[in-house]
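Visitor: how would this look folded up:
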Amino acid sequence: MNLKDLPIKIHYDATEDNLVDSFYNPVLSKAKKYYRIAGYFSSTSLAIAAKGIASLIKNKGHMRILCSPNLSHEDYNALNEVYLLETIEKRMLDDLENIEDELVRDYISCFGWMLANNYLEIKLVIGKNTQLFHQKIGIIIDKDSNILSFSGSINETAAGWVNNIEEFKTFKSWDNSKEYCLSDLEKFSKYWEGLQKDIKVLEFPQAVQMKLINKQPTSIDDLLAVIKMREKTIYGTKKNIPLYHFQKKALEYWKKNNKKALFEMATGTGKTRTAVACIDYLLNQYPNNVVVITAPQKSILDQWEKECRTLLTRGFNSFSVSDTYNWKEKLKTKILEVETNLIDNLIIYVCHDSVYLDSFTDKIKNLSLNVKLTLIADEVHGLGAKKRRNCLLERYDFRIGLSATPERHFDDYGSRAIIDFFHNNKFEFGIDAALSEINPTTGRTFLVQYDYLPVFVNLTSEEIEKYREITKRIAKLLHLKETNPAEYEDNLTKLLNMRAEIHKSAENKLAEFDKLISEIKPIKNTIVFTSPKLRTKVQQILNSHEVIATSFTHEKSSKRTKKNLFFSERERILKLFTEGRYDALIAIKCLDEGVDIPSAQIGILLSSSANPREYIQRLGRILRNSPQKSHATIYDFIVVPSFIGVDNELSSLELQIFEKEYKRIYEIARYARNNVSITRIINERFGRL
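Guide: This next block holds a predicted model:
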């Protein structure tokens, strides 16, 4: 088969055609030669030029790219050509260094392989009398010398390929459009040889070529497989986002409440998918949108980006603050592109630690009112902290807050700020519903049933003394609550954290943990939630029992490196755990929020607090469904209070504190499948308090 055997249309339009499936992939699968004029040199323009590159490599074909460097008037008017080439080289190297899109990075790696193996040539072209070179042409030649050309309104400078190519026309050497087709080929040849009047052709800078070659992959076949998977994710046919009944209710609830609401949904019940369905509604409802998605960690934002690319039915551009060098200036440019209609929809991914900064909010606040602005806040409770409340801007037209528990523990002010920002609208689908309602897709409940097994621990005498000393300081602090609430809030938080750390790192937990590990057979698919102080000793205990374990902490990088294009350190650890090559993960905080590990079956809560958010999220890590998981087991290390030698006032205060811990224990026991027997044990242990 060759190009003549394909049903190639005269005209393609992105509003009607899936350009990749209906045009690029079929025609490039027949390509022996591919000539491309790619507009500006940019990471995106190279990626657009590379569509179908897998087929070209498979066919052992050859590719030529003509691209225009992005120059200022001052650069262009420089008489010194050496200076001009140095400027171009620097700009190109900077662009390659700051590629944002993972799929673009993959294509750049393919280009490096093609350059190194003489399958690719690149030249630069600039106009002599005009700064910009606007020609946009593609030419494909098959093994039988049939020629196909295409040209049209191709916007090469914007990211987000789906909507970049608005429309183009095709010309074929085997029908009555042959004249136009051959004209395009002749034009390209003249450009390539530098024979066309009013243009200057420059050799591709050697330093940039070497930079590309240095990015070539160790295995081109593995990389092409990854590209194929990602192309399907981006370009797959998407008509609507399938939702469960409660997710549809959440969507309708949000729409009926002026598109401002909190989604208080149990971990594992699809909060992200529900919010993406809301984004999809906005992109289809309004012509210009900027959507800000904020989350506590970069790894969670990566999951959001994947979900958006997979599910959204309309094209969009994306911008990741944490992945972008000099993001402040580049964000300003992106927003300007939306305001001037160069792009329609922009999704910004930003961590909680940046979303409240003046350098971010100033650009958001000044966005044109013609553009609809939306805030999607994952783990929204994190935005109630004193400084972060700065991000809760009235400029946001539409708002969604996601959390299994949006209220902030011991922070009435922060909780109130969050609730008010979302106009006191809350949709709920909690753990109880997720454990009882049947998922129609799997025929099982949305979360797996679990057993709850508490392990009781006493503080040492030294720990008891420290605990009571801090409690006394908290009692003395209460007088500031009305007179100076800001100082009260800051000091209270510090003292509560100090006191909580005594419980979290109680010395006697280690002996009980050692005993427990010796009793559980086998230790597999296990997550141990502990404190930084106990982490090393926990690892030593697991090692002594020949349990293969590793830590999953904030120190583990979520970024991919030149050495490993496919997995970050965190992704690698999770992959090995899922495959069973790690028996256990030692988790410190960063597994509390947003990381999916469906294979986890045993949870050991070695260090916990009375904060409902923490234990609900940790339950969510363990209770997610997976095909081989029939149930889960939760071991909970509980520090038992001691009132010996304590005066009545302090005893009363300690009792109030423990009531919160008792509530946590009772709530976890309440939903367990062994709730009757375990509730009896808990009542026998604490009924006298």
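
Visitor: pull the number of nearby residues for residue 341.
Guide: 11 (other CB atoms under 10 Å). From N, CA and C alone the C-beta is placed, and that goes for glycine too.

Visitor: just the pLDDT at the nearest residue to it once chain neighbours are set aside, thanks.
Guide: Using CB to CB, 6 or more residues apart in numbering and skipping the chain neighbours, the partner closest in space to residue 341 is residue 288 (7.1 Å). pLDDT recorded at residue 288 is 91.

Visitor: swap in residue 68?
Guide: 72.

Visitor: pretty sure residue 364 sits against residue 390.
Guide: No: if you go by CB atoms under 8 Å, residue 364 and residue 390 don't touch, sitting 11.2 Å apart.

Visitor: of those two, which one has the most company?
Guide: Each of residue 364 and residue 390 has its neighbours counted (other CB under 10 Å); residue 364 has more, 20 against 15.

Visitor: what's that one in contact with, if anything?
Guide: Shown in contact with residue 364 (CB atoms under 8 Å, 6 or more residues apart in numbering): 290, 292, 373, 393, 395.

Visitor: same thing but 7 Å
Guide: Residue 364 sits next to 292, 373, 393, 395 when contact means CB atoms under 7 Å, 6 or more residues apart in numbering.

Visitor: in strands, which of those fall?
Guide: Within those, residues falling in strands by DSSP state E are 292, 373.

Visitor: pull out the buried residues from the contacts of residue 364.
Guide: For these, a burial check counting by 16 or more other CB atoms under 10 Å picks out 292, 373, 393.

Visitor: what about the residue most central in space within the chain, which helix or strand?
Guide: The chain has residue 302 as the residue nearest its centroid, 1.8 Å off, counting by CA atoms, centre = their mean. Element membership of residue 302 [criterion: DSSP states H and E] is helix 298-311.

Visitor: please export the C-alpha coordinates of that helix as PDB.
Guide: Extracted in PDB, the C-alpha atoms of helix 298-311 (Å, rounded to 0.1, in the frame of the first residue of the first chain):
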ATOM      1  CA  LYS A 298       4.000  18.300  42.200                       C
ATOM      2  CA  SER A 299       3.300  14.600  42.000                       C
ATOM      3  CA  ILE A 300      -0.400  15.300  42.600                       C
ATOM      4  CA  LEU A 301      -0.400  18.000  39.900                       C
ATOM      5  CA  ASP A 302       1.100  15.400  37.500                       C
ATOM      6  CA  GLN A 303      -1.900  13.200  38.100                       C
ATOM      7  CA  TRP A 304      -4.200  16.100  37.400                       C
ATOM      8  CA  GLU A 305      -2.400  16.900  34.200                       C
ATOM      9  CA  LYS A 306      -2.800  13.200  33.100                       C
ATOM     10  CA  GLU A 307      -6.500  13.200  33.900                       C
ATOM     11  CA  CYS A 308      -7.100  16.500  32.000                       C
ATOM     12  CA  ARG A 309      -5.300  15.200  28.900                       C
ATOM     13  CA  THR A 310      -7.100  11.900  29.100                       C
ATOM     14  CA  LEU A 311     -10.600  13.200  29.800                       C
END
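
Visitor: where does that helix sit relative to the chain's centre, distance-wise?
Guide: From the chain centre to the centre of helix 298-311 is a distance of 4 Å (CA atoms, centre = their mean, to the nearest Å).

Visitor: for the record, mean pLDDT for it?
Guide: Mean per-residue pLDDT for helix 298-311: 87.

Visitor: just the buried positions in that helix, please.
Guide: Applying 16+ other CB under 10 Å to helix 298-311 flags 298, 299, 300, 301, 302, 303, 304, 305, 307, 308, 309, 311 as buried.

Visitor: what strands line up against the next helix or strand after it, and which way round?
Guide: Later in the chain than helix 298-311, the nearest helix or strand by DSSP H and E is strand 317-320. Strand pairing for strand 317-320, using DSSP bridges, gives strand 345-351 (parallel).
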